[in-house]
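generate a structure from the sequence data that follows.
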Amino acid sequence: MTSGDGPLFVVDRCSFGYTATPVLAGISMELHPGRFYGLLGPNGSGKTTLLDLLTGAAKPVDGRITLHGREVAGYDKAALARLVAVVPQDLHISFDFTVYDVVMMGRHPFIPRFSQPAQEDIDLVQAALAEMDIGTLQHRSVLHLSGGERQRVLVARALAQNTPVLLLDEPTASLDIRHTLDIMKILRRKVTETGITVIATIHDLDLASVFCDELIVLHDGSLYCHGPVGSVMTAPLIREVFAAEALVFTDELLGKPRVQYRYA
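Numbering: from 1, shown residues only. This next block holds a predicted model:
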C-alpha cells in the first residue's frame, strides 16, 4: 500500500463531546496510506479523543469517519483489529500475564478460536520482542515492570499485530532518550519500507518534525492545520497553539525543520 492510493481514513465534519461539553468540533481531513502522521496539540485539545474515533472506541456525535470507504462503526471488532493496531498510553492489565503473553495478544485477531498460535505468530512475536529490546523480559510478569518497560511491551504487541495501520497515543511516554529514539526509528522505517500508516500523538515537537511526514494540529477542539511537516512546523504556530517561543530552523543534513525553544 502506498501513499499514491486513495484515502485511508476520511474524517467528515466530525464532532464529539460528553453531555453538553464539546471535545472536538467539525473535524474534516483525509489521511492517506504510507504516511507517518504526527498528531499534535496542547493538553486537552482532543488528540486522544480523535484517536478513539479513528479506532471505533468512540462514535462521533455528528459527522462520520470511514476506513477504506466503510464507516469505522460498521466493522466488527475482529475485522478492525486485523487492519488497525492501537498503542494506548498505559497498560491496563490486572492479571499476572507474562510479557510474552501480552505481546502474543496482538496475534489473537489472526488465530482461529480454540487454535494454537502458528509458527508465523510466534515469529512475529519474537521479532517484536527483539525490536523493542525486551526479549530478556518475556517471561517476567507485566505487573512487575517499570513504566518504560510497560510502554515498550505495548508497542511490541502492536508490532506483532502486523497491521497496515498503527495508531499510537504517546508511544514514547515514560521512555528514556535511547528507547524513545529506537521506537521512532522503528516506526519511521516501517512506514518507509513496508508502507504502513502510522498516526501518533506526540508531545515532543522536535521529534515530530524529524520523523513525521505530515502533522495534524488540534487546538481548542478544532483542526488548527494539517499538512507536510515543512509547512506546518513554524515559530508562529508554536507561539499561537502552544504559547511558547521557539526558533524553527532547517536541519541541512536531514532536510527537516528542527525546534529550539527560547527559555529567556
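
can you tell me the centre-most residue of the chain?
Among the residues of the chain, the one closest to the centroid is Leu168, at 2.2 Å (C-alpha atoms, centre = their mean).

just checking, what packs against the helix or strand containing it?
Secondary structure from DSSP states H and E places Leu168 in strand 165-169. With contacts defined as 3 or more C-beta pairs under 8 Å, 6 or more residues apart in numbering; DSSP states H and E, strand 165-169 has these neighbours: helix 47-55, strand 84-87, helix 147-161, helix 177-194, strand 197-201. In short, each C-beta sits where N, CA and C put it, glycine included.

direction included, what does that strand pair against?
strand 84-87 (parallel), strand 197-201 (parallel) (DSSP bridges).

turn those strands into JSON lines, columns for mean neighbour count, distance to Ala118 and mean pLDDT.
Rendered in JSON lines, the data for the strands paired with strand 165-169 read as follows (neighbours: other C-beta atoms under 10 Å; distance: least, C-beta to C-beta, whole Å; pLDDT from 0 to 100):
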{"stretch": "strand 84-87", "mean neighbour count": "23", "distance to Ala118": "18", "mean pLDDT": "97"}
{"stretch": "strand 197-201", "mean neighbour count": "24", "distance to Ala118": "26", "mean pLDDT": "98"}
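
now the ones you listed in TSV, with distance to Leu223?
What follows is the strands paired with strand 165-169, written out as TSV (distance: least, C-beta to C-beta, whole Å):
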stretch	distance to Leu223
strand 84-87	21
strand 197-201	14
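
between these, which one is nearest to Asp12?
strand 197-201 (16.9 Å; C-beta to C-beta).

extract the C-alpha set from that closest one and format it as CSV.
Written as CSV, here are the backbone C-alpha positions of strand 197-201 (Å, rounded to 0.1, in the frame of the first residue of the first chain):
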residue,chain,number,x,y,z
THR,A,197,0.4,4.1,8.0
VAL,A,198,1.4,5.5,11.5
ILE,A,199,-0.7,8.0,13.3
ALA,A,200,0.8,9.0,16.7
THR,A,201,0.2,11.7,19.3
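
now the angle between helix 47-55 and that strand, please.
Relative orientation of strand 197-201 versus helix 47-55 (axes from the mean of the first three to the mean of the last three C-alpha atoms, to 10 degrees): 150 degrees.

pLDDT below threshold where in this structure?
1-5, 264 (pLDDT under 70).

where exactly do the helices run in it?
According to DSSP state H, the chain carries its helices in the segments 47-55, 77-81, 99-104, 119-131, 147-161, 177-194, 205-211, 229-232, 235-242.

isn't Ile183 up against Val155?
Yes. If you go by C-beta atoms under 8 Å, Ile183 and Val155 touch, sitting 5.9 Å apart.

re earlier: and of the helices of the chain, who's closest to Arg258?
So among the helices of the chain, helix 205-211 is nearest, using C-beta to C-beta, at 5.9 Å.

now Leu215, nearest residue through space, not along the chain?
Val232 (4.3 Å; C-beta to C-beta, 6 or more residues apart in numbering).

count the neighbours of the nearest residue to Leu129 once chain neighbours are set aside for me.
Closest residue to Leu129 apart from its sequence neighbours, by C-beta to C-beta, 6+ apart: Gly135 at 4.6 Å. By other C-beta atoms under 10 Å, 15 other residues sit near Gly135.

please tell me how far Gly135 sits from Lys47.
If you measure Gly135 against Lys47 using C-beta to C-beta, to the nearest Å, the figure is 32 Å.

next: Gln126.
Gln126 sits 32 Å away from Lys47, going by C-beta to C-beta.

who's more crowded, those two?
Lys47 (23 against 15).

list the contacts of the spatially closest residue to that one that is not a sequence neighbour.
Nearest non-adjacent residue to Lys47, counting by C-beta to C-beta, 6+ apart: Thr201, 4.4 Å away. Neighbouring residues of Thr201 by C-beta atoms under 8 Å, 6 or more residues apart in numbering: 38-40, 47-48, 51, 168-170.
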